[in-house]
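Student: Just to be clear, the model below is a prediction. Sequence and coordinates:
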Amino acid sequence: MGVQIVVFAVCAIVALLGALGVVFARNPVHSALGLVATLFAIAVLFVNQNAQFLGVVQVIVYTGAIVVLILFVIMLLGVDTDEDLDTEPLLGQRWAAVIVALLLIGGIAGIFFVEGRGEAVTGQVAALAPIVPGIPSTDAQGNPTTAAGVDTFVRALPAEQQQAIGEQNITQIGEHLFTDYVFAFMITAALLTIAVIGAVLMARRPKRYEPMPELEDTSYEDVDELSTTGEVTG
Amino acid sequence: MSAGILATMASVAQTGIEPISGPIGIEPISAPVDGAVPTPEITWAALLPLIILGLGGLLLLTLSSLLKRKAPRALYPIWTIATAVLAVASVVPVWAKVQGFNSILWWDFRDLWWQPATTAPGPFSTLGGAYGVDGFSLFVTVLICCAVILTTLLISGYLQREELDGPEPYALLLLAATGGVVMAGANDLIVLFLGLETISIAVYVLAASHLRRAQSQEAGLKYFILGGFSSAFFLYGIAMVYGATGTTNLVLIKSSLAESIPRHDLLLLVGFAMLLVGFGFKVAAVPFHSWSPDVYDGAPSPVVAFMASAVKVAGFAALVRVFVAGFGQYAADWQPLIYALAVLSLVVGSSLAIVQTNVKRTLAYSSISHAGFILIAVEAASETGTAAVLFYAAAYTFMVAGSFGVATLVGRAGDGRHSLDDYKGLGRTNPVLAGTLTIFLLAQAGVPFTVGFVAKFYAVIAAVQAGSAALGVVAMLSAVIAAFLYLRIIVAMYMAEGDDGGSDAPADPADHIHVPRPAAAALAICVLVTIGFGLFPGWLTDMAADSTVVLVEQGSTDASTALPGGQTLIVDDEGNLVPAGDGAVAPTEASDPSADPATGDGAVEAPQVQDPAAAEGTASVERP
Amino acid sequence: MNVDTIDLNAGYLVLAAMLFAIGAAGVLVRRNPLVIVMCVELMLNAVNLTLVTFSTMLNDIAGQIMVLFVLVVAAAEVVVGLGIIVAISRRRPGATADDIRVLRG
């Protein structure tokens, strides 16, 4: 148990620092690196919560594919220049953002500790009552109330059993993915197809294009000039 | 979604049906060594509209890539329209089953292969309870298909005029429609989210698809950023509802909320609010509307017609399904939020529309105001309200598609001439086009004998019946304000002469707008519907009233894990759980089209009631 | 032991809430569309963390499966969003969300 708390503490700090880095870094590349730190920390937290499969997928898909794609686009477009964060684009926008953030944190974090109207109030997070029939409930101490459920709390198990759970994690995900969630799985096919079509459509160069030379042919100064002249499209 | 996989799953589906959801403790999995993982039962016929739309989109792409030569120009639009029409046709037998008919006109369904006796007529759900098939989802399916047809008719001429080509817009339209249909029938929040993302991502691309207009791409970017932002809120809302109830299935959520109050129902309430933020963005309700004028202004006009019709219809359908049907138990908690959204949308939408000088922006604000009207029907949280939502959505689909259809044509090559000045003298240069637009604008204003009037009437009636008379008054006042903005455009078309001389000056041939035949057809359909259902709204009203939202447990597959005793319960939208009779008998005593078990109280039958005692035990689920 | 579990779960949820709020603030503050996309990803990841935590607390695998779908959605969103950004930047390098002014007004 102690290990898990330490892992959580370290990863939480890394994740928060990374997230702040995303928002406050002037250079988009630094933002992307901050995002990598956060995503990696979250992957470790997944493993810490016995979601081993997701931990791996998180690293492969997010840090391995998505952030690399973002970095690739940053480099492709050459927009890795510092952004001026000192001037405020809209008056009061920054304060508004801070207020929104604080409200969100306060509001969301608050609800985990405030008592609801429901019965069996404990004020503890573990009192999220699984009221769906068949899923064991827990009492105020987080002890499962149903006899069968005593062992179902993963963390209460010895290490060797936990490893077995890790292997079962994938099996369980696979089974549920192709039974209960098979419809959702089918829809992702449509979703990914749309993403591909969209990318192709966006990458296409129309026949009669506005007077804009290929990026490779010109230096950026030239492009800037041309793009200002090309703005008359409106 | 390839046919091969589907066929495989179909064959697997026949083999073993066992409880599949439920507790997933760490007790060893019951070792499916032989690979016989129990799969949910799938009623393929009910999914036909989805399959046709999705497959149509994919085949369109395949076809276009196989064509050696350039495809004939008409191929893609005809394919798209044929697909949509086929999807509508495939809805008809399902509708008959849901409503308990055996035949419609000359079409007898009794011999159809999928009409087994195992399922009695009435709403049902399939795919492990993830997709609900009821009158409501079918009605919305047809509406979305209509929006696809109208948009295709409009966009074919548009693409030709703007010298854009390729099958992509059509494929995206069909796949977006798939997402919308999924949203309309989603009985599971995660399925709903995926449907929402499917339609949204497709529309982001469509909005940015005019590659020669900077405004189009910027509209796409703006829509994408704000859409992604709102999706994150929506997803957080799903996570909270999941945390509070332990499931994402709306049927289970509904039954569990009816049984007891979750200990952390505050979590649930914040989840509602987050979900509403997401829905608010999608249907462009104030204060989540800021994207819509910009995006409507910049995106290609036919795409805007799709956005304002299909995307909004799907959004409202999901809103009704989740909140009215799923969270009906908590209506007292979410109604104030919708109330506020409705009032703000009505007032802000109508009043900001007046100060606009761009017709597309004006229509965008008026669309926000219409969203307010639909929201007051949602707020009623009643059967009348649901019917009013559907009627309004149907009416609005055709009115707004027509309006933006005219805007498409008046925008002329480049799609840039949308200021009020460009409409000046339109009544003189293009009298037919101006007359058409006048009809749509008057309908949107709610002038009697148009479908817009009937829609507004039902929405207000629903609000008043639900005890929100004040909301009805606000709605009517805002309708008066909004009428001014529509009149403003009409006046510009007919009265204002602009700078181009007196009225008797001969019309400049350059001012004459070429109307492609498909676009003319689309406008004609819209006019027919707008006037036709305005004069004779009875049929559409009946259809909307029959299209109730019903959350049904999947027949035989999941019931045993979800409720003790494995019996199937049918929750009608008044919250009554209807224990079903023995489905094996299921005499389809139809041939009487007026028999309507879906909306009846206890008449719906469903299979496999194993334990009458258990059925009694769940009587406590009934709403007090 | 169970008390520790409880605290840790609460910690996960609060951490996720903070990440979500930081991401939301980033979307509102930043102007570079690429950074905004990253902030949206941050928000989605915060939700993922929440889902996995609820999955553990409820002892229900569904939360983890949802995370998988969120991953797919995030990937699709990023692909399309970056496509649009690239298309815009080809036309006007160095565009920020504020430069996109054509539609303002």
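Tutor: It's in.
Student: Which residue ranges of chain C form strands?
Tutor: With DSSP state E as the criterion, chain C has no strands.
Student: longest helix anywhere in it?
Tutor: helix C:62-91 (DSSP state H).
Student: Counting by contacts, list what it packs against.
Tutor: Applying 3 or more CB pairs under 8 Å, 6 or more residues apart in numbering or on different chains; DSSP states H and E, we find helix C:62-91 packed against helix A:52-57, helix A:67-77, helix A:159-177, helix A:182-203, helix B:189-207, helix B:214-245, helix C:33-58. In this view, the C-beta of every residue, glycine as well, is placed from N, C-alpha and C.
Student: Taking helix A:67-77 as reference, get the angle to it.
Tutor: Helix C:62-91 runs at 10 degrees relative to helix A:67-77, counting by axes from the mean of the first three to the mean of the last three CA atoms, to 10 degrees.
Student: which residues of the stretch 101-250 of chain B score low on pLDDT?
Tutor: B:102-120 (pLDDT under 70).
Student: re earlier: residue B:434: which of the helices and strands packed on helix C:62-91 is closest?
Tutor: Closest approach to residue B:434 among these (CB to CB): helix B:214-245, 25.2 Å.
Student: about what we covered before: let me have the helices and strands packed on helix C:62-91 in JSON lines, adding distance to residue B:291 and mean neighbour count as columns.
Tutor: Output for those, formatted as JSON lines (distance: least, CB to CB, whole Å; neighbours: other CB atoms under 10 Å in any protein chain shown):
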{"stretch": "helix A:52-57", "distance to residue B:291": "32", "mean neighbour count": "21"}
{"stretch": "helix A:67-77", "distance to residue B:291": "23", "mean neighbour count": "17"}
{"stretch": "helix A:159-177", "distance to residue B:291": "34", "mean neighbour count": "15"}
{"stretch": "helix A:182-203", "distance to residue B:291": "18", "mean neighbour count": "23"}
{"stretch": "helix B:189-207", "distance to residue B:291": "10", "mean neighbour count": "29"}
{"stretch": "helix B:214-245", "distance to residue B:291": "4", "mean neighbour count": "27"}
{"stretch": "helix C:33-58", "distance to residue B:291": "13", "mean neighbour count": "27"}
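Student: follow-up on the earlier one: ok and the longest helix of chain C relative to helix C:33-58, angle-wise?
Tutor: Using the same axes, to 10 degrees: helix C:62-91 against helix C:33-58 is 180 degrees.
Student: For chain C, which element, helix or strand, carries the lowest mean pLDDT?
Tutor: One helix or strand of chain C scores below all others by mean pLDDT, DSSP states H and E: helix C:2-29, with a mean of 82.
Student: got the buried residues for that helix?
Tutor: For helix C:2-29, a neighbour-count test (16 or more other CB atoms under 10 Å in any protein chain shown) marks C:2, C:5-6, C:8-29 as buried.
Student: Tell me where the model's unsure across chain A.
Tutor: Using pLDDT under 70, chain A drops low at A:1, A:79-92, A:112-167, A:206-234.
Student: go with 50
Tutor: For chain A, applying pLDDT under 50 flags the ranges A:119-157, A:211-234.
Student: Strands along that one, start to end?
Tutor: Taking DSSP E as the criterion, chain A carries no strands.
Student: before we move on, the earlier item: let me have the helices and strands packed on helix C:62-91 in JSON lines, adding distance to residue B:62 as columns.
Tutor: As requested, the helices and strands packed on helix C:62-91 are exported to JSON lines (distance: least, CB to CB, whole Å):
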{"stretch": "helix A:52-57", "distance to residue B:62": "30"}
{"stretch": "helix A:67-77", "distance to residue B:62": "26"}
{"stretch": "helix A:159-177", "distance to residue B:62": "27"}
{"stretch": "helix A:182-203", "distance to residue B:62": "11"}
{"stretch": "helix B:189-207", "distance to residue B:62": "18"}
{"stretch": "helix B:214-245", "distance to residue B:62": "26"}
{"stretch": "helix C:33-58", "distance to residue B:62": "31"}
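Student: thinking again about what came up before, which members of the buried residues of helix C:2-29 additionally contact chain B?
Tutor: C:20, C:23, C:24, C:27 (CB under 8 Å from any CB of the partner chain).
Student: Wait, residue B:175 touches residue A:193, no?
Tutor: Yes - using CB atoms under 8 Å, residue B:175 is in contact with residue A:193, at 6.3 Å.
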